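Asks: Generate coordinates for the sequence data below:
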Amino acid sequence: MRILGHRGASADAPENTLPAFRLALEQGADGVELDVRLCASGEVVVFHDETLERLAGRPGRVVQTPWSALRTLEVVCPRGRAPIPLLAEVLEALPRTAWLNVELKADSGWLRLAARVARLLVEGGHQSHVVVSSFHPLCLLALAARGPTLRRGYLLEAGRPAWLESNPLALWAGRDAVHPPDAEVTEERVQRWHTRGREVAAWTVDEPGRARTLAGWGVDFLITNRPGLLREAFR
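Replies: So this is what the prediction gives:
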């Protein structure tokens, strides 16, 4: 069982930033989960929301803002502030011993996003410690076309976990892993997913007792806002 910081140690640092990722590893996480999307000038930016209001405090959509403008902005939260990073910067900054879960935010430009993420990961030799996930199976299939050796995980929406178990497209898209919301995970489903050759990454797990239960069922990854708290619970 491995612990991944959800957008880094997002309970203690600005989410999806290098300080949050580094803090997650310092707190004992085995790696981090992060979100990526394209900006107007084509770079792969690490940012969760489609718009800038909540995190950067200004209007505008990421897909309509060039990197020359985004690089001047910071993610601001009560725990501090930090610059918005590129995926390339994160890959360079974090050790290859850390697991990375890269979520593709597939709104507009998802074909280009999948192709550019595949290129960054394959050319950088990141196949062994990265899994790419998405709620959108077509986005994962586009990734597979450009990087067939990349590990793929299908993200399940709340209330729809059975789709992965019955839909051939989703089964192939999530060839290596299934990422269900915590509330949808049962011991029976974990066993079923493992029987089908998928690792299981549950999100978002912040309560230590629940984390121990999921680990006992064989869940492979726990994605959490509080990696330090979970690591201490397992000690």
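
Asks: pLDDT weak spots in the chain?
Replies: When residues are selected by pLDDT under 70, those of the chain lie in 160-166.

Asks: Quick one: the helices in it, in order.
Replies: Along the chain, counting by DSSP state H, helices occupy 18-26, 53-56, 67-70, 87-93, 110-123, 137-146, 162-166, 168-173, 187-195, 208-217, 227-234.

Asks: Output the last one in CSV with nothing but the alpha carbons.
Replies: It stands for helix 227-234. Extracted in CSV, the C-alpha atoms of helix 227-234 (Å, rounded to 0.1, in the frame of the first residue of the first chain):
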residue,chain,number,x,y,z
PRO,A,227,-0.2,12.3,3.8
GLY,A,228,1.6,13.0,7.1
LEU,A,229,-1.5,12.0,9.2
LEU,A,230,-1.9,8.8,7.3
ARG,A,231,1.8,7.9,7.4
GLU,A,232,1.8,8.4,11.2
ALA,A,233,-1.3,6.2,11.5
PHE,A,234,0.5,3.3,9.7
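
Asks: before we move on, back to that, dump the helices of the chain into JSON lines; add distance to Arg79 and mean neighbour count as well.
Replies: Bear in mind the C-beta positions are built from the backbone N, C-alpha and C, glycine included. Output for the helices of the chain, formatted as JSON lines (distance: least, Cβ to Cβ, whole Å; neighbours: other Cβ atoms under 10 Å):
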{"stretch": "helix 18-26", "distance to Arg79": "9", "mean neighbour count": "22"}
{"stretch": "helix 53-56", "distance to Arg79": "13", "mean neighbour count": "16"}
{"stretch": "helix 67-70", "distance to Arg79": "21", "mean neighbour count": "16"}
{"stretch": "helix 87-93", "distance to Arg79": "19", "mean neighbour count": "16"}
{"stretch": "helix 110-123", "distance to Arg79": "28", "mean neighbour count": "18"}
{"stretch": "helix 137-146", "distance to Arg79": "31", "mean neighbour count": "20"}
{"stretch": "helix 162-166", "distance to Arg79": "34", "mean neighbour count": "14"}
{"stretch": "helix 168-173", "distance to Arg79": "35", "mean neighbour count": "16"}
{"stretch": "helix 187-195", "distance to Arg79": "33", "mean neighbour count": "15"}
{"stretch": "helix 208-217", "distance to Arg79": "21", "mean neighbour count": "16"}
{"stretch": "helix 227-234", "distance to Arg79": "13", "mean neighbour count": "19"}
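
Asks: of all those helices, which lies closest to Val44?
Replies: helix 87-93 (4.3 Å; Cβ to Cβ).

Asks: Contacts for that closest one next, please.
Replies: 18, 21-22, 34, 36, 43-46, 85, 100, 102, 117, 120-121, 124, 126 (Cβ atoms under 8 Å, 6 or more residues apart in numbering).

Asks: hmm, try it at 7 Å
Replies: Leu18, Phe21, Leu34, Val36, Val44, Val46, Val117, Leu120, Gly124, His126 (Cβ atoms under 7 Å, 6 or more residues apart in numbering).

Asks: one step back: now the helices of the chain in JSON lines, with distance to His6?
Replies: Below are those laid out as JSON lines (distance: least, Cβ to Cβ, whole Å):
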{"stretch": "helix 18-26", "distance to His6": "9"}
{"stretch": "helix 53-56", "distance to His6": "15"}
{"stretch": "helix 67-70", "distance to His6": "22"}
{"stretch": "helix 87-93", "distance to His6": "15"}
{"stretch": "helix 110-123", "distance to His6": "19"}
{"stretch": "helix 137-146", "distance to His6": "20"}
{"stretch": "helix 162-166", "distance to His6": "21"}
{"stretch": "helix 168-173", "distance to His6": "22"}
{"stretch": "helix 187-195", "distance to His6": "19"}
{"stretch": "helix 208-217", "distance to His6": "13"}
{"stretch": "helix 227-234", "distance to His6": "8"}
